[in-house]
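Student: just the structure for this:
(4 chains, ligands or ions: 12)
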There are 4 protein chains.
Amino acid sequence: MQDESIFDELNEECGVFGIVGHPTAAALTYYGLHALQHRGQESAGIVSTNGDRFHIHRDMGLVTEVFSTETIERCKGTVAIGHVRYSTTGASELANVQPLVFTFARGEIAIATNGNLVNGDRLRAELEAEGAIFQSTTDTEVIAHLIARSREETIECAVKEALNRLVGAYALLILTNEQLLVCQDPHSLRPLSMGMVEGAYVFSSETCAFDITGAEYIREIEPGEMVILDDRGIRSERFAPPAPRSLCSFEYIYFARPDSDIGGINVHSARKRMGVQMALEAPVEADVVTGVPDSSISAAIGFAEATGISYELGLIKNRYVGRTFIQPSQMMRERGVKMKLSAVRKVVEGKRVVMVDDSIVRGTTSRRIVQLIRDAGATEVHVRISSPPVKNPCFYGIDTADREQLIAATHSLEEIRRAIGADSLAFLSPEGMLRGIGRESQEKNCGHCLACFNGDYPTVIEQELVGEGQR
Amino acid sequence: MQDESIFDELNEECGVFGIVGHPTAAALTYYGLHALQHRGQESAGIVSTNGDRFHIHRDMGLVTEVFSTETIERCKGTVAIGHVRYSTTGASELANVQPLVFTFARGEIAIATNGNLVNGDRLRAELEAEGAIFQSTTDTEVIAHLIARSREETIECAVKEALNRLVGAYALLILTNEQLLVCQDPHSLRPLSMGMVEGAYVFSSETCAFDITGAEYIREIEPGEMVILDDRGIRSERFAPPAPRSLCSFEYIYFARPDSDIGGINVHSARKRMGVQMALEAPVEADVVTGVPDSSISAAIGFAEATGISYELGLIKNRYVGRTFIQPSQMMRERGVKMKLSAVRKVVEGKRVVMVDDSIVRGTTSRRIVQLIRDAGATEVHVRISSPPVKNPCFYGIDTADREQLIAATHSLEEIRRAIGADSLAFLSPEGMLRGIGRESQEKNCGHCLACFNGDYPTVIEQELVGEGQR
Amino acid sequence: MQDESIFDELNEECGVFGIVGHPTAAALTYYGLHALQHRGQESAGIVSTNGDRFHIHRDMGLVTEVFSTETIERCKGTVAIGHVRYSTTGASELANVQPLVFTFARGEIAIATNGNLVNGDRLRAELEAEGAIFQSTTDTEVIAHLIARSREETIECAVKEALNRLVGAYALLILTNEQLLVCQDPHSLRPLSMGMVEGAYVFSSETCAFDITGAEYIREIEPGEMVILDDRGIRSERFAPPAPRSLCSFEYIYFARPDSDIGGINVHSARKRMGVQMALEAPVEADVVTGVPDSSISAAIGFAEATGISYELGLIKNRYVGRTFIQPSQMMRERGVKMKLSAVRKVVEGKRVVMVDDSIVRGTTSRRIVQLIRDAGATEVHVRISSPPVKNPCFYGIDTADREQLIAATHSLEEIRRAIGADSLAFLSPEGMLRGIGRESQEKNCGHCLACFNGDYPTVIEQELVGEGQR
Amino acid sequence: MQDESIFDELNEECGVFGIVGHPTAAALTYYGLHALQHRGQESAGIVSTNGDRFHIHRDMGLVTEVFSTETIERCKGTVAIGHVRYSTTGASELANVQPLVFTFARGEIAIATNGNLVNGDRLRAELEAEGAIFQSTTDTEVIAHLIARSREETIECAVKEALNRLVGAYALLILTNEQLLVCQDPHSLRPLSMGMVEGAYVFSSETCAFDITGAEYIREIEPGEMVILDDRGIRSERFAPPAPRSLCSFEYIYFARPDSDIGGINVHSARKRMGVQMALEAPVEADVVTGVPDSSISAAIGFAEATGISYELGLIKNRYVGRTFIQPSQMMRERGVKMKLSAVRKVVEGKRVVMVDDSIVRGTTSRRIVQLIRDAGATEVHVRISSPPVKNPCFYGIDTADREQLIAATHSLEEIRRAIGADSLAFLSPEGMLRGIGRESQEKNCGHCLACFNGDYPTVIEQELVGEGQR
Ligand SMILES: Nc1ncnc2c1ncn2[C@@H]1O[C@H](COP(=O)(O)OP(=O)(O)O)[C@@H](O)[C@H]1O
Ligand SMILES: Nc1ncnc2c1ncn2[C@@H]1O[C@H](COP(=O)(O)OP(=O)(O)O)[C@@H](O)[C@H]1O
Ligand SMILES: Nc1ncnc2c1ncn2[C@@H]1O[C@H](COP(=O)(O)OP(=O)(O)O)[C@@H](O)[C@H]1O
Ligand SMILES: Nc1ncnc2c1ncn2[C@@H]1O[C@H](COP(=O)(O)OP(=O)(O)O)[C@@H](O)[C@H]1O
Ligand code: SF4
Ligand code: SF4
Ligand code: SF4
Ligand code: SF4
Ligand SMILES: [Mg+2]
Ligand SMILES: [Mg+2]
Ligand SMILES: [Mg+2]
Ligand SMILES: [Mg+2]
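Tutor: Residues are numbered from 1 along each chain as shown, chains lettered A, B, ... in the order given. Ligands and ions are numbered 1, 2, ... in the order given. Predicted coordinates for the structure are as follows:
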C-alpha cells in the first residue's frame, strides 16, 4: 500500500502456511493464506509437491488475485507450503516473492519464512565473502545459502546446522520433494501452530487459518523445535537448547487476528482485558469510548465495560480504502486520513471522548485522529493506549522505524500528549499488559518479548544494529 | 460479488453524488463516490461539464479501479455527477453503467438515479408502444425517454412532466451543459442530502460523502422537490404536491453507513438504540452478546449495554473476502460462509450467546451463522433481530426477493426459530424500531416506509407487482 | 491506436460477421471476427440467440482480448452476429461498442453495421425532434430508432421502411430472437458476402473470414437486397429498386485483406495489377522497388515485375507496434515513424529507389517515409501511388479527413512532389486503376465508387456535407 | 505463445541491449528492446544505474506491456541494460525474467545474456556441489556464481576468470554501479554489435535497434572480446585467445530481422541471395512463387527473380494471431494453422506453386502449409527450403528439438518430400547458403556455425549432450 506516509502503522512481515498429506494440499493452503491475508498483502505464493517435482505459483497481489481455480489446480501434490508477504520497502521487487525456490546439490528446496534475523546482514556479508550471490533482500535466501553450504549428510542436519547460525526471529517452513521441515526459533518470537485436518498435518502463523481449513488446533511449535514430516511420518527434534519463550507481545497488541489464539490465549480476549487494565490504571471521566477500527476495537470494548462509559462507533474505517490498484496518489495524499477514517459527528459532537488505540509509534497517526475527532465537535479527547510506550526498535521483523522516529524514545508523556493534541494521555504499563494477556506468573515457555518497550532483547543484538537503534 | 448464493443479503441499488461550482468538481465527485462505495460495487461513473460539452468516464469495477488520476483530470469542468451501482442480476452488462448519457433534441443529458420505479415496466411498455428503444434495463433510461418526449419549453418543465408520470422511489441527478437538476420523489423514499463546500453545492445519497469532501451538511432534499442549479444560481421548485415523507427504514437498519446522518439522525446511533429497544422487548439470560459484522455491530452494542451482558467480538468478518477478482468459485462455495465469517471459539465456547443481527430475509444466512457459533462451542444461541420480520417484497429498489422466499411471510416465529436453529428468537417490533430511530411522534416529513414489514406501501402498486409479491 | 497524429492513414469503420443454423454459432463468429480484425481493433462484440433470448458479450479491445473460451461458451444458440469496430474519434466510449442491443415493442433486437450514412445526422435530428434519445454516436442507433418507430406489421417490413429512409453505405446484420436480416445498401458500397459451412449460412464483410470458418463462398449480397433467415429457411427480398453497384474502390486499394475476394476478384491480385498499370503509366529508371508494408506490397510486386526492376524489402514494419496497451506516448511520439517503419539501409543505400504506396491522403506519412529512405542513403526516391489522387472527402465510412486536409485537393502534382520530398511522383489514373481491378467494361453490378477521386458520389449528398467537403 | 504444438518453429532465446553515457539511457533501452522484440516475447526487463544504485523494472509480457512512461522514468541513470526473453519451456517462471540482478561481495551486479552454454549443466552441478543455490534455470545465474566465487581483485578479472570456464554461445552484458562489461564468446556464435548515439555507446543483439535509437553502427564485438566502459572511458580487452568466428548461420536464415546487418551483411539481402542460389541449384517449372510470411519472404523474392516465375502473396499471415492474452486454446487448436496462415485461393488455384520456406525442423508445419495450399486449389506444390537439412541439435541457444525429432536426421529427402506432401522438395546446399550469405572465401573472423547441418560444432560438446543429440 502506498499510504505509508499517511499512517505510521507497524508492518508485519509475513504469514506462512503448510500442509502434509492432503489430497487437495494447495487448495487448503489457498484457504489458509486467505485467512492470513492481514499479515501481508503485497505478494502471495504456493509451492506444492507430489514427491516428484515442485509446482510453483506466486506473484504480487492479494491471495485472491494471485490465484485462480486453474492455478491452484496446477499445484498438484499432497504437500504444500504458502506465504503472504508484507513489504516494508517501496521497491517491492518480484525477486522477494516467497516461498523462495532453489535448486541445490540435493535437489529442489522451497522456503517460507516469517520473522527477521538479527544477524541477517552479517551472515549475508560472510556468505558474500565466500562467493555467495543474492537475488532478493530476504533472510530466506540467507538461510538457503547456509543450508546449501552445509557438509552435513542429511537435509535435516544441514538445516539444523544452518539454524544454529541464525540469531533472531523465524518461523520457517522448508519443503523438499521428500520432506517438510517446520522450525521455530529458540525464543519462539513469532507464532507458529500445528493442527490437523482429515489426517493431514497443517502449520500456520495463526490459528485463524485452521478454522477456515477445518483443522483442529494441536499445539504450538516449541522454541528451538524442528518438526520433520516425511515418508516415515512425523517426528520432532530440537536444533537448539530450550530457551525461555519470548513471543512478540505485539502479536497480541496489534498483528494477530482477533479470532486467533496464540499459546492458547485468544487475541480478542487478551485485547479486551488490556482495555480493562487500562481502565484500572488510567480511568477518566468522559461521555463516550471509541476504538480506532479495527485494531483497537477489542481494547476499547474492554475499557468501556470496565469504566461503564458508553462504547460507541466514534470512528468508521472505510473498508475499500486499502484495495486500490490505480491509486490516484496525489489526490489521496491531499485528502489524507479522511479517505481511511471518518469521525461520526453525531456521536462525538459536544462529547468528552476516550479514544483507545493499540499503540503509538511515530505519533503522526494519533495526532491526525485526535484532530479528526475534535473537528467533529468533541469537547475533550482522552487518548488511552493499550500497550506501553515504544522506546526501542524491533529487530525481529516489525518495522517500528528507527529509534529517533519513535516519539516515546525522545519525548516525555506530557510532550507526547501535546504533540498529538490530546487532553489526556495514558499508556498501559508492561505489567498491566501482561496481566491483560493473561501471563501474570512467569510460567515456563510463557514469556513474551517486551524489548521494544523495555529494551530487553531476548537475543544478542549485533553491535551495528544497536548503534542504529540508538542513533 | 458472486457470493449471492451463500448469503441472503439485501442489495441496495445505488449511490449518487453531484457538485456544482467547484474547480475540481470531478475529483470531489471521486471522493464522494468512494465514500458511497458500500452502496454499489459493480460499476462507477462520472460525467462532468464545463458548460460546453460532457466529459464521461465510467466502467465496471470499484471507484478506485475505474478511475485514475489521469481519467479524473480528463473530466474537466466545474459541474459533475457520479454514480455507483450494485447489480442484482448476474448479467451485469456495460449498458447499465450509470450515469447514462444521452443526446436528444436539446443537447446532451446525463442521468444518475438511486431507487426503483413501481411503474417502470409499464412506462417502458408504453414507451415501446410509441416506438422507443431501450439499451439498458435501468429506470434511468425510462426517465430519459419521458424527458425527451416532453413538449414542454424548458428542460425543467420537461423533467417535471416526466417525473409526474413516475411512481416509486427515485433520487435523481440530471445534468445538462447548462443545468443540474436534483430531484427527490414525492415520498422521499431514498435519502438525498444537500451540502456545501468552498461555495459549491454538493448532493449525495449519504452524508458520509460530505465529510470526505469537506462539505457542510445543509439539508435533505424534500419530497417532490426539484433543486435547479444554473447560471442564475440555485432555486427550489416542486414538481409534486407535498406528500408525507416515507423514508425507507432499511436505510437505518442496514444500508447506510454508520457515520451517515439521515434526516438529522445518525445511523449508528439509531441502530444502537434499536439494539436497546430489542433488549427492552426481548431480554434474555446469556453470557455474551455478539453482532454480525459490520451491519449489526451498532445494535449489538446497544443490546449489550441495555442488558449488561458483555459485548464481545464473537464473529470476525474477513475483510478481504469481497474483493476478489478471479474468484475460485467452486472452491469458495464449498467452504461457504467460512471464507467470510469466523466464530471466535474462545469467546463463545461454553457460553450462552446472544447473536444480534439486523434483519432476516430468506433465513439462510442466519441458519449458517447460528451453526458457526454452535460449532465453535456455544451452549445456547439466542438470535435477536433489530428490525421486524420482512413479510412483503420491496418495490422501491431493494432486492428482498419474492414473497415466497421471505421466510417470515410464510413461517411463524417458532418455525423460523427452528429453521435457523436458534434457542430463542425475537424480532424488534415496528414501534420499537421507530422509537429506536427516534421517530416516536409522527411529525411532518418524518415518516418512514415500513411496507416490507407491514405491507403498507406508500405509493400505488401496479397490479402485476402485487401479484408477484403475493405469488 | 493513438498514433493517428503520426500517420495519415485511412480508417475503415468496421467488419461484420453473422451465422445462422450452426451448433457453435458464437465460436465460428469468433473465428470470423478474428479474420476481420484488420477492419477494426477498438472493440469487438458477439450477440447470439437460441431463439429464446440474447446472449451478449462485447468490450473494448481485440477479438482475442475481449473473448475467452468461457465467454464464447456463454454465448449459446445456433444464430449469432459479431462486429469489430475501428474508431476514428479519440473519445471511444463504451456506448459505441457494437453490436448494439435494444429492446423495443417487438422484443430484443441487435444490430451490427459497416458503413456510414450520408443523412445520419439529419435523421438523428429528425428523430430527436420527435423525442428520440441517443446513447451512442453510431448510425446503428439511428437505424434502430427508425425500425422501432415503424408502424409496419412485421419486423421485415419495419426494417424495409427504415432502410428506405437511409442514404449512404451500410452492410447490416439485424438479429432478433426469430430472424436474421442481412441487408446491403442500394449501391453496395461496402462488401458483404454470403457463404455456407456445414449447412449453416454465414455472412461476412470479407471472404477471408470464410476460410478460417471453413465456409464456402456463395455470392455477394446484392444492392438493395435483404436476405431473411428464419424458421422458414432463407429467402431474398428487395427493399429498394436495383441501382448500379458502386463498391468502394478503396476496399481494393487499401482496406480489404489481400486474401479476400470482392465480387469474385482477389484483392492481392487486383493490387498487383494496379502496380503493373502504374508501371505502364509511369515507368522510371531505378535500382530497386520497395512497397510500404503491408498495404502496398502487392502493388510494389506488380510494379517491379512489370518494370523488371528488382523488388526488395526496403522498408520493414515493426509487427509489435500497434499492439501497445500502456503506450508511453510522449516517448513514442518523439521517435515517431521510426517505431513503426525502418528503412533497410543496405538495400537502399546508394540506390535509386521506387517507393510504391497505395494512396496519399494528407501527405504527411509519405513525406516521413521518403525522408526515412533518404536518411538511409538512397540517392533518389521515386514515389508511385497505386491509386488516383484523393480530392474529395468520403461520406461512406472512410475517414479521409476534410477536403482542405486532402493534399491533392489543394495542390498540384508538382506541389505534392515537392511537399513529400520525392524526386518524382505519379498517381495511377482512374482508368488504370479500374483496369487493374479488372473492371474495364462497365458491366452491370460491377461499377465502383470513385467519388473521392472524381467527386461523382453514387448517392445524393446532404447539402451541409457538400459544404463541409468544399470548405 | 501456446501454439508451439501447432508449429515447429525454431525458438531464439533472447535479445540484449545496453547503453552507457546517455541522459535518457532507460528510454533508449526501451526503444532498443522494442526493436528486438522478435527475439523474445515472454518477458522484458531493464536495469539502469546512476553510478549509485540500481533501478530495476522487469516483468512477463511484451516490451510495451511491461513498461510505461512512468516505469521508464523511474529507471534513472545514464547507464542501462535490457533484455527480452523467449522461453522454450511452458513453465515460464518469474524467476527467469532477465536481466538477473544479484548482490555479492562487490555490490550489485546485473547480467543479461543471449545464447546458451554447452557446459551449463555441468557448471551448475559443480557449483551446487560447492554449495551454490539456484533460483532460475538460466545460464546467467551460473555466470553470476562464477563471477562471485572468483578470487580475482577486480570485477573485470573476475569476469574474465568466469568466462574462461564457459563453453558455448553467449553475448553478455554485465552491469555494476561502476562499469558495463560487454562480452562476446570466443566463437562469436550470437551477434553483438556496438554503435554510438549522441556520444553514448550502445550495444545490441541486432543493428535494427540502432536505427530506432538513432545510433550509428561502429563494429561487431569480436570473438573473445570484453569491452569495458567506466569512468575511465571505453577500452577493449580479450579474455580468450582469438578463435575463428562461427556465427550461427540461422541468424541469417531465420532469426534476425531483415533490416538488421550482421557482420556488415544485410539479412534481407542475404536471404534473397539464398533464394537466388536455391533457384540455381533446384529450379522448377511453375506458375507462381510464394513465401511463408514473414521469415521466407526475402528468399522467395530471390527465387522468383532468379527463375522469372511470378512472385505472389500466396499465403497471408494473420498479424493478430500471436498477441493473444486469453487464448481460447481448445478452439484455437482445433482450427490450427488456419488461425495463423491463409492461402490466397485465387492466387494458387489451378496453379503450380513453388513454396519457399526458410527451414524444416520437424516437418509438421511444412506439411500443414502444403496442405493449405493444396486445399486452396494448387495443382502442384514444390517446396524449396533456403537452408540445408537440419540433422543435428543445436546446443547454442536454439531450440531445434532432439535429434530424433529432426525429420532430416532420420529421413531421406524423398521420405521428407512424401511426409510433407510436396510434389518436389529441395534444400539449399551448405555452399549455396554460404554463397548466398556472401561468405564464399573463408576469411578470418567470417566463418559461420553450420553444426546443425553438418555436425561440426565449433566448441567441445559435453558427452551427455552428444548422447542426447544422438538418442
Ligand atoms: N477481519 C478482521 N476483523 C477485525 N480485526 C481484524 C480483522 N483482520 C485483521 N484485524 C485486526 O486489525 C489489525 C489491523 O488493524 P487496523 O487498525 O485496521 O489497521 P491499521 O491500524 O494498520 O490501519 C490486524 O492486525 C488485526 O489485529
Ligand atoms: N466502513 C464501514 N464500517 C462499518 N460499517 C459499515 C462500513 N461500511 C458499511 N457499513 C455498514 O455495513 C453494512 C453492510 O454490512 P455487512 O454486514 O458487512 O455486509 P453484509 O451484511 O451485506 O454481509 C452497510 O450497509 C453499512 O451499514
Ligand atoms: N495479415 C495481413 N497480411 C498482409 N496484409 C494485410 C494483412 N492484414 C491486413 N493487410 C493489409 O494491410 C492493410 C493495412 O496495411 P498497413 O500498411 O500495414 O497499415 P497502415 O497503412 O494503416 O499503416 C490492410 O487494410 C490490408 O489490406
Ligand atoms: N517486422 C518484420 N518484418 C518482416 N520480417 C520480420 C519482422 N520481424 C521479424 N521478421 C522476421 O520474421 C521471422 C519470424 O518469422 P515468421 O515466419 O513470421 O514466424 P514463424 O516462422 O516463427 O511463424 C523473424 O525471425 C525475422 O526474421
Ligand atoms: S521488540 Fe517488540 S515488536 Fe519486536 S518482537 Fe519484541 S515485542 Fe515484538
Ligand atoms: S418496502 Fe422496505 S425496503 Fe422497501 S423502501 Fe419500504 S422499508 Fe425500504
Ligand atoms: S468516396 Fe472513396 S473511400 Fe468513399 S466509398 Fe467512394 S471510393 Fe470508397
Ligand atoms: S548449431 Fe545451427 S542453430 Fe545452433 S548455433 Fe550453430 S548454426 Fe546456429
Ligand atoms: Mg489500527
Ligand atoms: Mg450483515
Ligand atoms: Mg500502409
Ligand atoms: Mg516462418
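
Student: who are the packing partners of the one helix or strand residue A:108 maps to?
Tutor: Here residue A:108 sits within strand A:107-117, counting by DSSP states H and E. Strand A:107-117 makes packing contacts with strand A:14-20, strand A:43-49, strand A:54-60, strand A:79-85, strand A:100-104, helix A:139-149, strand A:168-175 when contacts are defined by 3 or more CB pairs under 8 Å, 6 or more residues apart in numbering or on different chains; DSSP states H and E. Where C-beta positions appear, they are placed from N, C-alpha and C, glycine not excepted.

Student: count the neighbours of residue A:190 for me.
Tutor: If you count neighbours by other CB atoms under 10 Å in any protein chain shown, residue A:190 ends up with 33.

Student: list the contacts of it.
Tutor: With contacts defined as CB atoms under 8 Å, 6 or more residues apart in numbering or on different chains, residue A:190 is in contact with A:114, A:115, A:169, A:170, A:171, A:205, A:247, A:248, A:251, A:396, A:397.

Student: buried stuff in stretch A:287-299?
Tutor: A:287-299 (16 or more other CB atoms under 10 Å in any protein chain shown).

Student: okay, and which of the residues you listed map to helices?
Tutor: Members of the buried residues of stretch A:287-299 lying in helices (criterion: DSSP state H): A:297, A:298, A:299.

Student: in a markdown table, list the residues you listed along with distance to residue B:24 and pLDDT.
Tutor: Listed next are those as a markdown table, based on distance: CB to CB, whole Å; pLDDT from 0 to 100:
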| residue | distance to residue B:24 | pLDDT |
| --- | --- | --- |
| A:297 | 35 | 97 |
| A:298 | 39 | 98 |
| A:299 | 39 | 98 |
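
Student: also near chain B: which of those residues, exactly?
Tutor: A:297, A:298 (CB under 8 Å from any CB of the partner chain).

Student: and of the ones in helices among the buried residues of stretch A:287-299, the nearest to residue C:94?
Tutor: The closest of those to residue C:94 turns out to be residue A:297 (CB to CB; 41.2 Å).

Student: quick one: residues contacting that closest one.
Tutor: A:258, A:291, B:313.

Student: okay, now the unreliable bits of the stretch 51-200 of chain A?
Tutor: Across the stretch 51-200 of chain A, residues meeting the criterion (pLDDT under 70) sit at A:87-93.

Student: where does it get nearest to ligand 5, which residue?
Tutor: residue A:189 (5.3 Å; CB to the nearest ligand atom).

Student: just checking, residue A:361 is part of a helix?
Tutor: No - judged by DSSP: H, G, I helix; E, B strand; the rest coil, residue A:361 forms no part of a helix; its state is coil.

Student: would you check that it makes contact with residue A:401?
Tutor: Yes - applying CB atoms under 8 Å, one finds residue A:361 in contact with residue A:401, separated by 6.3 Å.

Student: so those two - more neighbours on which side?
Tutor: Of the pair residue A:361 and residue A:401, residue A:361 is the one with more neighbours under other CB under 10 Å, namely 23 against 19.

Student: distance check, the more buried one against residue A:432.
Tutor: Counting by CB to CB, to the nearest Å, the gap from residue A:361 to residue A:432 is 19 Å.

Student: likewise residue A:36?
Tutor: Taken as CB to CB, the span from residue A:36 to residue A:432 is 29 Å.

Student: coming back round to it: just put the contacts of residue A:297 in JSON lines and tack on pLDDT and distance to residue C:384.
Tutor: Formatted as JSON lines, these follow (pLDDT from 0 to 100; distance: CB to CB, whole Å):
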{"residue": "A:258", "pLDDT": "97", "distance to residue C:384": "78"}
{"residue": "A:291", "pLDDT": "98", "distance to residue C:384": "79"}
{"residue": "B:313", "pLDDT": "97", "distance to residue C:384": "80"}
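
Student: can I get those in a markdown table with distance to residue A:341?
Tutor: Formatted as a markdown table, the contacts of residue A:297 follow (distance: CB to CB, whole Å):
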| residue | distance to residue A:341 |
| --- | --- |
| A:258 | 19 |
| A:291 | 11 |
| B:313 | 19 |
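
Student: closest to chain D out of the residues you listed?
Tutor: Distance to chain D across the contacts of residue A:297 (CB to the nearest CB) is lowest for residue A:258, with 34.3 Å.

Student: does the closest one sit in a helix or strand, and which one?
Tutor: Following DSSP H and E, one finds residue A:258 outside all helices and strands.

Student: give me the pLDDT for the closest residue to it other than its chain neighbours.
Tutor: Leaving aside its sequence neighbours, residue A:258 sits nearest to residue A:268 (CB to CB, 6 or more residues apart in numbering or on different chains; 3.6 Å). With respect to pLDDT, residue A:268 scores 97.

Student: tell me the secondary structure at residue A:268.
Tutor: Residue A:268 is classified as helix under three-state DSSP.
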